[in-house]
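**Student:** Okay, here's the prediction I keep looking at, along with the sequence it came from:
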Amino acid sequence: MENEVSRQSLDLREDDSMGSVKIADDVVAMIAALAATEVDGVSSMNGNLTHEIMNKIGYKNLTRGVKVEVFNKKVRVDLSIIIEYGYNIPGTSQKVQTKVQAAIESMTGLEVTDVNVRIAGVNIKKA
């Protein structure tokens, strides 16, 4: 999955007397990625080959494997993750969905309508 985070921002202006608050879609994607990787059993986010090459030369993109769509203060998130071997996939995926939704809603005030999780691989630890 390519990193499909747009460079747009959402205007959260509620009261013109104080100015405006804008949240970039990149920020929403970063919140989703960080929340997902905090769940036990999630090894990492999945990026494409370009992301893997960039990581090897020192460039890290925290939002790899994340696609967000923000429209009318509603968010749809698509995540592609690598799961640790031995973890229950449906249970871990549900925890990821819950954690990502809670993190985005509490930090941004946006409503999360969908959190779609794609298991892109299994990480097998070497002994």
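**Tutor:** Noted; the coordinates are in hand.

**Student:** quick one: the nearest residue to Y87 once chain neighbours are set aside and E111, what's the gap?
**Tutor:** Among residues not flanking Y87 along the chain, G41 sits closest, at 3.3 Å (Cβ to Cβ, 6 or more residues apart in numbering). (Each C-beta comes from the backbone N, C-alpha and C, glycine too.) Distance, G41 to E111, by Cβ to Cβ, to the nearest Å: 27 Å.

**Student:** mind listing the helices for the protein?
**Tutor:** 25-37, 49-56, 89-108 (DSSP state H).

**Student:** Do me a favour and average the pLDDT over the longest one.
**Tutor:** This means helix 89-108. On average, the pLDDT along helix 89-108 is 97.

**Student:** OK, contacts around the residue nearest to Y87?
**Tutor:** 83-84, 87-88, 92, 95 (Cβ atoms under 8 Å, 6 or more residues apart in numbering).

**Student:** Most widely separated two among these?
**Tutor:** Largest separation among the contacts of G41 by Cβ to Cβ: E84 and K95, giving 12.7 Å.

**Student:** For these two, work out which one has more neighbours and name it.
**Tutor:** K95 (19 against 15; other Cβ atoms under 10 Å).

**Student:** List the buried residues of stretch 29-38.
**Tutor:** 29-37 (16 or more other Cβ atoms under 10 Å).

**Student:** can you check stretch 106-124 too?
**Tutor:** Those buried within stretch 106-124 under the rule 16+ other Cβ under 10 Å are 108, 110, 112, 115, 117, 119-120.

**Student:** Need those in TSV (columns: distance to S20).
**Tutor:** Output for those, formatted as TSV (distance: Cβ to Cβ, whole Å):
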residue	distance to S20
T108	14
L110	15
V112	22
V115	27
V117	33
I119	39
A120	37
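
**Student:** Let me know the closest of those to V100.
**Tutor:** Among the buried residues of stretch 106-124, and counting by Cβ to Cβ, the member closest to V100 is V115, at 4.9 Å.

**Student:** And the pLDDT at that closest one?
**Tutor:** V115 is given a pLDDT of 97.

**Student:** measure the residue nearest to it when sequence neighbours are not counted to K22 for me?
**Tutor:** Nearest residue to V115 in three dimensions, chain neighbours excluded: Q97, at 4.3 Å (Cβ to Cβ, 6+ apart). Distance of Q97 to K22, given as Cβ to Cβ: 26 Å.
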